[in-house]
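Enquirer: using only what follows, build the 3D model:
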Amino acid sequence: MPTPVVGQESRLRDPRRVDTGADPFADALRAAIRAKGLSLERVQHKLRGRGVAVSIAALSYWQSGRRRPERPDSLAAVGHLEEILEVGEGGLSALLGPPRPRGKARPRTRVPGPEGWVGENDYASIAELLADVDTTTDQDLTRLSLRDQVELAMDGSTRRVRSRQVLRAERSGVDRVLLGYDTRLPGDPLPVIGTLRSCRLGRVSADPRNGLMVAELLFDRPLRRGERTAVEYELIHVAPHHPTFDNTYSRRFRHPVREYVLEVRYDSRCRPSRCEQFTTGLTGGEPTDVHETPVDTWGYAYAVALDSGPGVVGLRWDW
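Expert: I've put the predicted structure just below:
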């Protein structure tokens, strides 16, 4: 069953998105890659063929504006990119401008990368999706509380997920939180983002082929430092296209969370014989902190985690 954590040829984009022009280099690089119809993997492959080693994550950062090439080897790679993307000499390098200030006067902000969003095999896919959304403020939110309510269909597949997050801004100006979703089984259909409360939908980037989606949930206004907000959203799996039958539901935490409650409601005609809560690290491995969880008379099972993450918390069951 899917893991909210919340792609390439079949990626969907929000048609309302426009380039801001805030970073001419990033805008030009992103536009040139798209004009050539290349994925970041293909760009990396072409660079490697010239003896230039640049990671997928670095390319993603450059085209999103979260970082830019400044070291000598990175600047040399930009010259090769100009030839590969056929933008002419200086077509990218001339847009870099002076180096950004460094040193203690400018504390570095940790830039969220693909690690922690999905399994290692999907790093390239999620890196491309993250380049399409604004990740610069997501790490400036403290997750005070998160609740997932999962409703299963008669055949045991997911029908609907309702989520509520209580967040606190650690600096002024934070105006969004990211929603990530991973179907776990490539090819399973992605859900539709339904009812929203205290937020509105921003940019959406999805890879249906690999079952990945990232979306921006925009607050009503930018928060002040220390201010709290609660946002709610709904993920709907339109029948009969529920995810492939499975026996697990989990939430991946890239950041610590004070309190997490997972509630799974089973159809009265399809009750599990056994259910247990489990925890794993972001990179997988054998589950830890496994303990049996009863399914009550009304068909509900719960998982509760306090001061948890980074890691994965979920429920799994036998039919």
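Enquirer: now name the helix or strand holding the residue nearest to the spatial centre of the chain.
Expert: With distances taken as C-alpha atoms, centre = their mean, the chain has residue 180 as the residue nearest its mean C-alpha position (3.6 Å). Using DSSP states H and E, the secondary-structure element containing residue 180 is strand 174-182.
Enquirer: and for residue 48?
Expert: Counting by DSSP H and E, the element that carries residue 48 is helix 40-49.
Enquirer: report the buried residues of that helix.
Expert: Within helix 40-49, the residues that qualify as buried are 40, 43, 44, 46, 47, counting by 16 or more other C-beta atoms under 10 Å. For the C-beta atoms, the positions are set from N, CA and C on the backbone; glycine is no exception.
Enquirer: save the residues you listed as TSV, and put in pLDDT and distance to residue 277 too.
Expert: Converted to TSV, these look like this (pLDDT from 0 to 100; distance: C-beta to C-beta, whole Å):
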residue	pLDDT	distance to residue 277
40	84	37
43	89	42
44	87	39
46	90	46
47	89	45
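Enquirer: format these as CSV; extra columns: distance to residue 237.
Expert: Converted to CSV, the buried residues of helix 40-49 look like this (distance: C-beta to C-beta, whole Å):
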residue, distance to residue 237
40, 29
43, 34
44, 34
46, 38
47, 39
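Enquirer: where in the protein is pLDDT low?
Expert: Screening the chain residue by residue with the criterion pLDDT under 70, one finds the ranges 1-22, 97-124, 184-187, 240-246, 283-284.
Enquirer: so it: which segments form each domain?
Expert: According to automatic domain parsing, the chain comprises the domains 3-130, 140-318.
Enquirer: any idea how far the last one is from the chain center?
Expert: The reference is to domain 140-318. Taking C-alpha atoms, centre = their mean, to the nearest Å, the mean C-alpha location of domain 140-318 is offset from the chain mean by 12 Å.
Enquirer: would you mind measuring the gap between the ends of that domain?
Expert: The separation between the terminal residues of domain 140-318, taken as C-alpha to C-alpha, to the nearest Å, is 39 Å.
Enquirer: can you dump the C-alpha atoms of the strand holding residue 180 in PDB for me?
Expert: The C-alpha trace of strand 174-182 is given here as PDB (Å, rounded to 0.1, in the frame of the first residue of the first chain):
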ATOM      1  CA  VAL A 174       7.400  30.300   5.400                       C
ATOM      2  CA  ASP A 175       4.300  30.000   3.100                       C
ATOM      3  CA  ARG A 176       4.000  26.300   2.100                       C
ATOM      4  CA  VAL A 177       4.500  22.700   3.000                       C
ATOM      5  CA  LEU A 178       5.300  19.900   0.600                       C
ATOM      6  CA  LEU A 179       3.100  16.800   0.100                       C
ATOM      7  CA  GLY A 180       4.900  13.700  -1.200                       C
ATOM      8  CA  TYR A 181       3.300  10.400  -2.300                       C
ATOM      9  CA  ASP A 182       4.800   7.100  -3.300                       C
END
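Enquirer: so which bits of that strand are buried?
Expert: For strand 174-182, burial by neighbour count (16+ other C-beta under 10 Å) applies to 174, 176, 177, 178, 179, 180, 181, 182.
Enquirer: same check, this time on stretch 167-174
Expert: Buried, per 16+ other C-beta under 10 Å, within stretch 167-174: 167, 168, 169, 174.
Enquirer: angle of the host helix or strand of the first one against strand 174-182?
Expert: Spelled out, that is residue 167. Counting by DSSP H and E, the secondary-structure element that holds residue 167 is strand 158-169. Taking axes from the mean of the first three to the mean of the last three C-alpha atoms, to 10 degrees, one finds strand 158-169 and strand 174-182 inclined to each other by 150 degrees.
Enquirer: direction included, what does strand 158-169 pair against?
Expert: Partner strands for strand 158-169, per DSSP bridges, with pairing direction: strand 141-152 (antiparallel), strand 228-236 (antiparallel).
Enquirer: can I get the shortest one in PDB, CA atoms only?
Expert: In this case it means strand 228-236. What follows is the C-alpha trace of strand 228-236 in PDB, where atoms were taken according to Å, rounded to 0.1, in the frame of the first residue of the first chain:
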ATOM      1  CA  ARG A 228       1.300  27.800  14.100                       C
ATOM      2  CA  THR A 229      -1.000  26.600  11.400                       C
ATOM      3  CA  ALA A 230      -3.100  23.400  10.700                       C
ATOM      4  CA  VAL A 231      -3.600  22.200   7.100                       C
ATOM      5  CA  GLU A 232      -5.800  19.300   5.900                       C
ATOM      6  CA  TYR A 233      -5.900  17.500   2.600                       C
ATOM      7  CA  GLU A 234      -7.600  14.500   1.100                       C
ATOM      8  CA  LEU A 235      -6.200  11.900  -1.300                       C
ATOM      9  CA  ILE A 236      -8.900  10.000  -3.300                       C
END
